[in-house]
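# What follows is a protein structure lacking sequence information:
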């Protein structure tokens, strides 16, 4: 709550005019205009615009195989700027360059399995996204597709992931090969060598030119391309990274030898063995006979032969009596591509990748050096990875490799179950995403005009709907942190789940209610409400900076379509006056609220009670992002340069106005 600026400025101006000469009157008027600038109230906002930054999307996935797991992410082709990095590229040149990374895997929205041939969920998707990344996971077998959102719906047939024409090479019976690839942009992705289908698996701790797999332990190793060149270890089973040690040397070539359980690392004309448990060198050798010593990779064949490629072609290596590796070139003298990596599949076909912004995948004959491009822009088969492959290695998936343990006996094996020891829980739906936060920000002077800095009450939130094995919601976790409480009022906060009655709630835990003006029933919902209403806290000043989880359990499992989209119908209670609620635009008051709230004097600005002013402005906004609220007294359109364009377009232009993109924010006018 702030003082009425219009009245204050009018009084100040009258007093000033009485005591100052005409010579300074113009200066006073100019000052008045600057202080009381009401541009935001004069915006031409389309009627009915509700200032929403998200849309409800129904995702319908079909598949011929029940209990196959799907993961669905918000998707954008754009990469974010991750900073500057100094590193030695594969040509051996030290460069300092901008690093851009994909944000896809940070935007997981939900997981679930096919049940009776289908998986259907209703999700909240930020308006600046118009695509979903759908990833199919069957044990260690991945496939993926990018799907457009049409009319707030995505209909996807999982069979389309396996409909592509397969290449002629087939792995031995019972074995499926996948090429695990890394690059300098810190992307770990998988390519199916039979279809060319690629799947983004994980963000790496650092970009790399190297990778090698310990098949028995299902572990991938990689060395970071920049100082201090960490030896990184990735668990294929758990999808997690750890750093073994800082190795201190960078280079392009790496393989794992199962015969001695050591990593073989090569850069220039040197070869080293590394203990993968400690990241320390075990031995080193010189290599003689390489025509060019930059780029490339090394790999062991099943018979133990060690092959190395550099930008001058493919070589076999043999240790001589002087403890020096002699390199014998196999390929033609001048390859039309620079090989960055190579690996053998289960059929002992040698795969290489070429250098470039979109690499080609190439099969080469180890006897003659003959080759052909199977996938990529050079293959003339409409395949384009759109990524550099700086190294690749083979992971073999055997028909009996999947651990079928189902500890809680819910029908979902442990490696696919987010809650492997709880039979009532299996999957999750996130709003706005697994790693992202949304922000609810309120002005508390309703029904009067505020100063539009939206920092009277502002809280970051994340909602997690916990699902059972049948993809039905059994629990809702609301996680929040109050980030701003600029008002002097004792404001409370809660939300109404409009599609549920109080009787559908079994219990509510984690609320903080100490002020005595909120009455709750035995199950934790607010008493005397037609719909289920949960008051999260009743005094914002006591909750500042404290991350808290409120858990709501349902009496019976419900679909996400019935539950609705988080954060549902959120509102604040102003200064302990229970009937004085402030909601998002076009939302309704609860049974205990009064959306036509009046006081004895003044001029209310919300004559129809829809929580939009008569000029179309809101008292509350829900931003599906970590919204940095304006400083005290700074209007939102002064802090954010494209707010006006977004509002006057009815939400069609500048849909990411709140993000940390170049030109969006005036950083000196916002709070961290």
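Everything's here; your move. Everything quoted here is computed from the prediction, not taken from an experiment.
# C-alpha from now on. contacts and neighbour counts both.
OK.
# And the helices in the chain, which stretches?
For the chain, the helices defined by DSSP state H cover 5-19, 25-35, 560-563, 636-639, 643-648.
# who's in contact with residue 326?
Listed by Cα atoms under 8 Å, 6 or more residues apart in numbering, the contact set of residue 326 reads 287-289, 317-320.
# actually residue 103, not the one I typed
By Cα under 8 Å, 6+ apart, residue 103 lies in contact with 79-80.
# Please determine how far it is located from residue 335.
As judged by Cα to Cα, to the nearest Å, residue 103 and residue 335 stand 35 Å apart.
# With residue 486 instead?
Counting by Cα to Cα - residue 486 and residue 335 are separated by 66 Å.
# Ok, residue 231 next?
From residue 231 to residue 335 the distance is 31 Å (Cα to Cα).
# Residue 325 now?
Noted for residue 325: a distance of 23 Å to residue 335, by Cα to Cα.
# Compare these two (neighbour count), which wins?
The residue with more neighbours, out of residue 325 and residue 335, is residue 325; 20 against 14, by other Cα atoms under 10 Å.
# Report pLDDT for the more buried one.
Residue 325 is assigned a predicted lDDT (pLDDT) of 97.
# Which residues does it form beta bridges with?
Beta bridges link residue 325 to residue 287, residue 319, judged by DSSP bridges.
# and what of residue 85?
Beta-bridge partners for residue 85, by DSSP bridges, are residue 97.
# how deep is it tucked in, by neighbour count?
Count around residue 85 with other Cα under 10 Å applied: 15.
# residues in contact with it?
Contacts for residue 85 (Cα under 8 Å, 6+ apart) come out as 96-99, 226.
# gap between it and residue 525?
Distance from residue 85 to residue 525, counting by Cα to Cα: 52 Å.
# And residue 484, by the same measure?
26 Å.
# Check residue 582 too.
Separation of residue 582 from residue 525 (Cα to Cα) stands at 19 Å.
# State the number of residues packed around residue 339.
28.
# Isn't it up against residue 308?
No - under the criterion of Cα atoms under 8 Å, residue 339 is not in contact with residue 308, lying 10.3 Å apart.
# Give me the common contacts of those two.
With Cα under 8 Å, 6+ apart as the test, residue 339 and residue 308 both reach 296-297.
# burial measure for residue 430, as a count.
23.
# mind listing what it touches?
Applying Cα under 8 Å, 6+ apart, we find residue 430 in contact with 108-110, 462-465.
# Spatially nearest residue to residue 610, not counting backbone neighbours?
Spatial nearest neighbour of residue 610, excluding adjacent residues (Cα to Cα, 6 or more residues apart in numbering): residue 586 at 4.8 Å.
# Please tell me the pLDDT value assigned to the one you found.
Per-residue pLDDT puts residue 586 at 94.
# for it, phi and psi?
Torsion angles at residue 586 (phi, psi; degrees, to the nearest 10) stand at phi 70, psi 10.
# That one: what's it in contact with?
Residue 586 makes contacts with 48, 50, 610-612, as judged by Cα under 8 Å, 6+ apart.
# which among the residues you listed end up buried?
50, 610-612 (16 or more other Cα atoms under 10 Å).
# Around residue 273, how many other residues sit close by?
Applying other Cα under 10 Å, we find 23 residues neighbouring residue 273.
# Low-confidence stretches in this protein?
1-38, 162-173, 333-334, 400-401, 597-602 (pLDDT under 70).
# What is the neighbour count of residue 596?
By other Cα under 10 Å, 15 other residues sit near residue 596.
# Tell me if I'm right that it and residue 611 touch.
No - Residue 596 is beyond contact range of residue 611, at 9.5 Å (criterion: Cα under 8 Å).
# Roughly how far does residue 135 sit from residue 66?
Distance of residue 135 to residue 66, given as Cα to Cα: 15 Å.
# Which one's more surrounded, the two?
Legend: neighbour count by other Cα under 10 Å for residue 135 and residue 66, higher for residue 135 (21 against 14).
# Look up how far residue 51 lies from the closest residue to the more buried one other than its chain neighbours.
Spatial nearest neighbour of residue 135, excluding adjacent residues (Cα to Cα, 6+ apart): residue 144 at 4.2 Å. Counting by Cα to Cα, the separation of residue 144 from residue 51 is 33 Å.
# residue contacts, residue 481?
By Cα under 8 Å, 6+ apart, the contact set of residue 481 is 459-461, 543-548.
# Inside strands: which ones of those residues?
If you go by DSSP state E, those have 459-461, 548 in strands.
# Tabulate the residues you listed (CSV), appending distance to residue 616 and neighbour count.
Below are these laid out as CSV (distance: Cα to Cα, whole Å; neighbours: other Cα atoms under 10 Å):
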residue, distance to residue 616, neighbour count
459, 24, 28
460, 25, 25
461, 26, 25
548, 34, 17
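# returning to that earlier point: can you tell me which of the contacts of residue 586 is nearest residue 393?
Nearest to residue 393 among the contacts of residue 586 is residue 50, at 50.5 Å by Cα to Cα.
# didn't residue 372 look like it was pressed against residue 365?
No - the criterion here is Cα under 8 Å, and residue 372 misses it with residue 365 at 9.2 Å.
# more crowded one of these two?
Neighbour tally, residue 372 and residue 365, criterion other Cα under 10 Å: the higher count belongs to residue 365, 16 against 13.
# List phi and psi for the more buried one.
Backbone torsions for residue 365, taken as degrees, to the nearest 10, come to phi -80, psi 120.
# quick thing: my sequence starts at 698, can you match it?
From this message on, residue numbering opens at 698, which makes the last subject residue 1062.
# Enumerate every residue touching it.
Applying Cα under 8 Å, 6+ apart, we find residue 1062 in contact with 1046-1047, 1068.
# How about residue 1274?
Counted by Cα under 8 Å, 6+ apart, residue 1274 has contacts residue 1214.
# With the one 10 residues further on instead?
Contacts were defined as Cα under 8 Å, 6+ apart; by that measure residue 1284 touches 1266, 1307-1308.
# run the last query once more with 10 Å
747, 1265-1268, 1292, 1306-1309 (Cα atoms under 10 Å, 6 or more residues apart in numbering).
# Can you flag which of those belong to strands?
By the criterion of DSSP E, membership of those in strands covers 1266-1268.
# ok, residue 1213 touching residue 1273?
Yes - the pair residue 1213 and residue 1273 qualifies as a contact (Cα atoms under 10 Å) at a distance of 8.9 Å.
# list the residues that contact both of these two?
residue 1235.
# higher neighbour count, the two?
Taking neighbours as other Cα under 10 Å, residue 1213 and residue 1273 compare with residue 1273 leading, 19 against 8.
# how close does the more buried one get to residue 1290?
12 Å.
# May I ask you to confirm that residue 1315 is in contact with residue 1307?
Yes - the pair residue 1315 / residue 1307 is scored as a contact, 9.2 Å apart, by Cα under 10 Å.
# Overlap in contacts, the two.
By Cα under 10 Å, 6+ apart, residue 1315 and residue 1307 have these common neighbours: 747, 1279-1283.
# ok, so of the contacts of residue 1283, who is nearest residue 1350?
Relative to residue 1350, the closest of these is residue 747; by Cα to Cα it sits at 14.5 Å.
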